[in-house]
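Sharing a model that was predicted from the sequence below.
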Amino acid sequence: MKSAEKPMDKPKDESFQKLIVTEHDTFTQFSQYLGEDRVWRTDAYLVVGERSALLYDTLAFHCGLYQAVMDRIGEMPLTVLISHGHYDHAGEALNDFLRAGVPAYMSHADKTALYRMYGAGYFLEDFLPLHEGTTFDLGGRVLETMTVSGHSPGSTVLIDRAADIVYTADAIGAYEFQMSNGYEETSLERTLRETRTLLAALKTMKAPQIWTGHSNMIPGGYHGRSYLEELVRVIEDLVEGQVEGERYMRKGEPLYTTRKYDRNQVHLLYNDHRIWERSQTRNERT
Ligand SMILES: [Zn+2]
Ligand SMILES: [Zn+2]
C-alpha cells in the first residue's frame, strides 16, 4: 500500500515491533516483526559465558532490547557483534548499546551496505573491525567468527562449537534473499569457496543447528547440516553451469539481473552478472 492510500486519521500500529523473547538451552533469542503484516521477523541472539556475554545483532526498531539484555547479564561485560550492515540487524536499538559504551564489532567490508542500502545513521567508525579468525572467549565458551560473503561482502557468521550452534543472520539460509541485493553481493564463486570452508569447519560438530536472522521463515526455526550440504551443491551446480535459475519477477517486472533457483530446502536468489569472481569489478573495494 502506498502511503498516500493510508487513511489519514488512523494512527500507525507499531505493536508489531514488540520484543519477543525465547529462551533456549544455550542462548536467548530476541525477535521482532518488521512490518504490520507480521510476516518477516528479525532475530538477535545472546550468548552468555562465565565471564562475559555477546549479543549477535540488535534488531531493527527500539523495543527495550538493551534493558532486556542487561536484565539477563547484570554486571557482566557485553560485546555486540553485528552480522552485517543492514538496518534489520543493526537498527535504532544499536544506538542504546553504543551510547552505553558497549563495544560493537562489524566487518568494515560492509561499508557499502552500511552507507548505501539501509543505513540507520551509523558510521564505520562506530564499529571495531573484525578480522578473519577473530574469536570471542566468554569464559567457558569460545565463539569463532567466519566471513561468508554473498549477501554482503562482510557478512559474518558466529560458531559456538561446544553448543553445536551456528548463527548466520542473512549469510546462510535466510530464505531466498541470501544473494539478492542486486548491487553489493559478491560472486557466487566466492560464496561457494566460503560456504565450503564453513561446512568443513562444522565437521567436528555433532548436529549443528544453523540459526538465521529470520528464523520464523524456516520450518522448525533452524537448518541442519544437510541444508548447508545442499546449499553447497546448489551453488556448485550454478557456478559450473549445470543448472540455471528463472528470471526473478517482482510486480510483473524482472528485478535487475536477479534469478531464482529452488531445490529441496534451498531457495536462492542470485545475480546473473555475479557468478564468477573474474567478472566482478565493483564490490571488492573496501
Ligand atoms: Zn541483510
Ligand atoms: Zn535481514
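On my side now, so go ahead. Numbers count the residues shown, from 1 in each chain. Ligands and ions are numbered 1, 2, ... in the order given.

what does the stretch 151-286 of the chain put close to ligand 2?
Within the stretch 151-286 of the chain, the residues that sit near ligand 2 (Cβ under 5 Å from the ion) are 170, 213. The C-beta positions use only the backbone N, C-alpha and C, and glycine is treated the same way.

in the stretch 151-286 of the chain, what spans have low per-residue confidence?
Across the stretch 151-286 of the chain, the ranges flagged by pLDDT under 70 are 177-185, 279-286.

count of neighbours near the closest residue to ligand 2 within it?
In the stretch 151-286 of the chain, the residue that lies nearest ligand 2 is residue 170 (4.3 Å; Cβ to the ion). Neighbour count for residue 170, taken as other Cβ atoms under 10 Å: 27.

And for the one 3 residues further on?
Residue 173 is flanked by 26 other residues according to other Cβ under 10 Å.

how about the strands in the stretch 151-286 of the chain?
Applying DSSP state E, counting those that start in this stretch to the stretch 151-286 of the chain gives strands spanning 156-160, 165-169, 209-212, 246-250, 253-263, 266-271.

Near ligand 1, which residues of the chain are found?
Going by Cβ under 5 Å from the ion, the residues of the chain near ligand 1 are 86, 170.

what about the nearest residue to residue 62 once chain neighbours are set aside, which helix or strand?
Leaving aside its sequence neighbours, residue 62 sits nearest to residue 92 (Cβ to Cβ, 6 or more residues apart in numbering; 4.9 Å). Remark: residue 92 resides in no helix or strand, with elements defined by DSSP states H and E.

my read: residue 92 touches residue 64, true?
No: contact criterion Cβ atoms under 8 Å: residue 92 and residue 64 do not qualify, at 11.6 Å.

quick one, which of these two is more surrounded?
Taking other Cβ under 10 Å, residue 92 and residue 64 do not tie; residue 92 has more neighbours (17 against 14).

Run a quick neighbour tally on the closest residue to residue 258 other than its chain neighbours.
Excluding its sequence neighbours, the residue lying closest to residue 258 (Cβ to Cβ, 6+ apart) is residue 248, at 4.1 Å. Other residues within reach of residue 248, judged by other Cβ under 10 Å, total 21.

next one: residue 237
Neighbour tally, residue 237, other Cβ under 10 Å: 14.

For it, give me its contacts.
residue 243 (Cβ atoms under 8 Å, 6 or more residues apart in numbering).

dump the residue contacts of residue 128.
Residues near residue 128 by Cβ under 8 Å, 6+ apart: 103-106.

where's it relative to ligand 2, distance?
Counting by Cβ to the ion, to the nearest Å, the gap from residue 128 to ligand 2 is 21 Å.
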